[in-house]
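Participant: prediction below, plus the sequence it came from.
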Amino acid sequence: MISYYKDANQTYDEQIKVLLRTYNAQFVNYDDRDCIYLYAIAHNQLIGALIVRHAWDWATIGNIYYQNSQVLEDLIQKAWQYYQDKAVGIKFFTQVLEQFNDFVNAGFKQVNQIYYDDELIYYYADLLELKEKPIVNDILLCHEPKEVYQEILDQHVYNFKKKHQINDDVIGRFDMAVLDNEKCIGGIQCEHYENILYINRLVVDTNYKNRAIGSHLINEAIQYAIKSNLKLIELGTVEFQARPFYEKFGFKVVHTRNDNPKGYKNYSMIKK
């Protein structure tokens, strides 16, 4: 018997992750994932830091701090040296035009500019090649975070977001699991921040396809967004996943990235 369980405590979180990973593993190798922490040091002081995560053949810029353009260039050079033979490219996005321009000046290329609503804009940039330059500052590359530096980075990121009025803290969740008796056979996991609901995962066991289970889950998420007075719903999907399914519910592609993972297009989609 199929039932739907509002999973406020994320009881089925890991089981839903496993279901999605099992499906994706038919197309994608998960073994290439890693993360590096770059710290720029001068006179025993942190003058810049950058977190880069690698998954699905792309490296993604995470939290960042830099005192000046030279520090940023050095951090990007170091990241590029590490990932140029491991990833298709390095991707970055930001709401802040000034920061976006800093990355373009450091070698990134603008690939898109997405308007989520009248006030919220995201600038997307990719790094696919980079002319090698000497690294001026000392850059420490680690595969685990250094606590003493991470605390400083976290404070700079907090100050940056406060200055630019960026509020991307998760303030709510909508999670629902699908059960066949006691067996988890699917679910949806969403995070609510600012005025956006982001769908992290939606999966249904392939043995239970064509029973309108996915439709029920997405409709429940849409109703949650409406009741919460959110402006839009956002998600990412890949060619071998569910773009046509989401389009039936009014989602539109706002950004496409090739080879993410290799051989497949990756779509960012939103529904207002």
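Facilitator: Cool, the structure landed. Numbers count the residues shown, from 1 in each chain.

Participant: identify the residue nearest the geometric centre of the protein.
Facilitator: Thr60 (8.0 Å; C-alpha atoms, centre = their mean).

Participant: quick one: that residue is in a helix?
Facilitator: No: looking at Thr60 with DSSP: H, G, I helix; E, B strand; the rest coil, it is strand, so not inside a helix.

Participant: the helices in the stretch 1-150 of the chain, which residues?
Facilitator: 13-24, 69-83, 97-105, 147-163 (DSSP state H, counting those that start in this stretch).

Participant: which strands or helices does the third one pack on?
Facilitator: Where contact means 3 or more C-beta pairs under 8 Å, 6 or more residues apart in numbering; DSSP states H and E, helix 97-105 is packed against helix 69-83, strand 89-94, strand 121-127. Just so you know, the C-beta spots here come from the backbone N, C-alpha and C atoms, and that holds for glycine as well.

Participant: list the buried residues in stretch 193-211.
Facilitator: For stretch 193-211, a neighbour-count test (16 or more other C-beta atoms under 10 Å) marks 194-205 as buried.

Participant: sorry, back to before: between the helices and strands packed on helix 97-105, which one is nearest to Leu20?
Facilitator: Shortest distance between Leu20 and those, using C-beta to C-beta, is found for strand 89-94: 21.3 Å.

Participant: how far does the closest one sit from its chain's centre?
Facilitator: From the chain centre to the centre of strand 89-94 is a distance of 10 Å (C-alpha atoms, centre = their mean, to the nearest Å).

Participant: what does that strand contact?
Facilitator: 52, 58-61, 76, 79-80, 83, 100, 103, 108, 122-128, 257 (C-beta atoms under 8 Å, 6 or more residues apart in numbering).

Participant: hmm, 7 Å instead?
Facilitator: 52, 58-61, 79-80, 83, 100, 103, 108, 122-128 (C-beta atoms under 7 Å, 6 or more residues apart in numbering).

Participant: quick one on the thing from earlier: run through the residues that contact the residue nearest to the centre of the chain.
Facilitator: 52-53, 91.

Participant: just to revisit the earlier point, which of the buried residues of stretch 193-211 fall in helices?
Facilitator: Using DSSP state H, no member of these falls within helices.

Participant: hmm, back to that, report pLDDT for the residue nearest to the centre of the chain.
Facilitator: Note for Thr60: predicted pLDDT of 97.

Participant: who is it paired with across the strands?
Facilitator: Per DSSP bridges, the residues bridged to Thr60 are Arg53, Lys91.

Participant: can you tell me how far it is from Thr256?
Facilitator: Distance check for Thr60 against Thr256: by C-beta to C-beta, to the nearest Å, it reads 16 Å.

Participant: Asn210: which element?
Facilitator: Using DSSP states H and E, Asn210 is not contained in any helix or strand.

Participant: would you mind measuring from it to Val204?
Facilitator: From Asn210 to Val204 the distance is 10 Å (C-beta to C-beta).

Participant: next: Tyr122.
Facilitator: Tyr122 is 30 Å from Val204, by C-beta to C-beta.
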